[in-house]
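Trainee: Quick one, fold the following:
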Amino acid sequence: MNADILKKLSEISVATATMQLLKRGLRNVSLAGVMPINNPVQPITGPAYTLRFVPMREDLSTPEVLGAADYSPRRAIEECPKGAVLVIDGRDRGDIAVLGDLLTERLRQRGVTGVVSDGGVRDFEETLAVGLPIYAAGPAAPAHIAGHAAADREAPIACGGVAVLPGDIVKGDGDGVMVIPQALAEEVARDGPEQERYERFAKLKIREGRPIPGVYPPSEETRKEYEAWVVAGELEG
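Mentor: Alright, predicted model coming up:
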């Protein structure tokens, strides 16, 4: 992903990005039940590297599998690229952890941007202390093999009820976390800042006592007023 596009996407809010996608016909982009667990919230923007779990099966979910050289969750920790967001399909099971403080520390050391999952996080306080941005369902003690079996990585997954493809752009802030399809990232990066600039202007007008109708969305008269405000240097009043 182009670094300039990522930079522009990082400078807009999740709310703005979801509105830009709504204008393009995409509604199901916000992950349900996935929340920022860092305090204060640590915003993230980066391409998705995906990991998928399936329901536990006794012959696939044993403590011995954790040491296997080709075990997908361990490989994902070591292969998720610097700057990427590790997105884990935890099957909407907030009562089962998909990572803890040791894996989180390794991801931080490797330069991964953050972790997003609809599963839980164990060793919760220790994991938070690592400082890596995490968006998840909340604390959970059981290790993943208590209810999951490892599947594939770098394949399409579901997370929080949303389809996530490798390379899609993941954005998180205090409003939650969402996914921008890779093919639309450039358009959202182009139009998102303009949306936020108009909203700054609209807030100024509302503070002046103007009613919402005609300001948000703008009437033709308000649009001309906005254009003049931009030319004048976006004065705050």
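
Trainee: The lengthiest strand in the chain - which strands sit beside it in the sheet, and in what orientation?
Mentor: As assigned by DSSP state E, the longest strand anywhere in the chain is strand 44-55. Sheet pairing for strand 44-55, assigned by DSSP bridges, gives strand 85-89 (parallel), strand 148-153 (antiparallel), strand 169-173 (antiparallel).

Trainee: That strand: how far from the chain's middle?
Mentor: In terms of C-alpha atoms, centre = their mean, to the nearest Å, the gap separating the centre of strand 44-55 from the centre of its chain is 10 Å.

Trainee: Could you do stretch 135-147 as well?
Mentor: 19 Å.

Trainee: can you check stretch 175-189 too?
Mentor: Stretch 175-189 sits 9 Å away from the centroid of its parent chain (C-alpha atoms, centre = their mean).

Trainee: same thing with stretch 50-65?
Mentor: Using C-alpha atoms, centre = their mean, the mean C-alpha position of stretch 50-65 is found 25 Å from that of the whole chain.

Trainee: So for stretch 179-190, what gets flagged as buried?
Mentor: Buried residues in stretch 179-190, counted by 16 or more other C-beta atoms under 10 Å: V179, I180, P181, L184, A185, E186, E187, V188, A189. Bear in mind the C-beta positions are built from the backbone N, C-alpha and C, glycine included.

Trainee: Check stretch 114-131 too.
Mentor: Judged by neighbour count (16+ other C-beta under 10 Å), stretch 114-131 contains these buried residues: 114-124, 127-128, 130.

Trainee: And stretch 65-73, by the same measure?
Mentor: V65, S72, P73.

Trainee: wait, doesn't the first one sit right on Y71?
Mentor: Yes - using C-beta atoms under 8 Å, V65 is in contact with Y71, at 5.7 Å.
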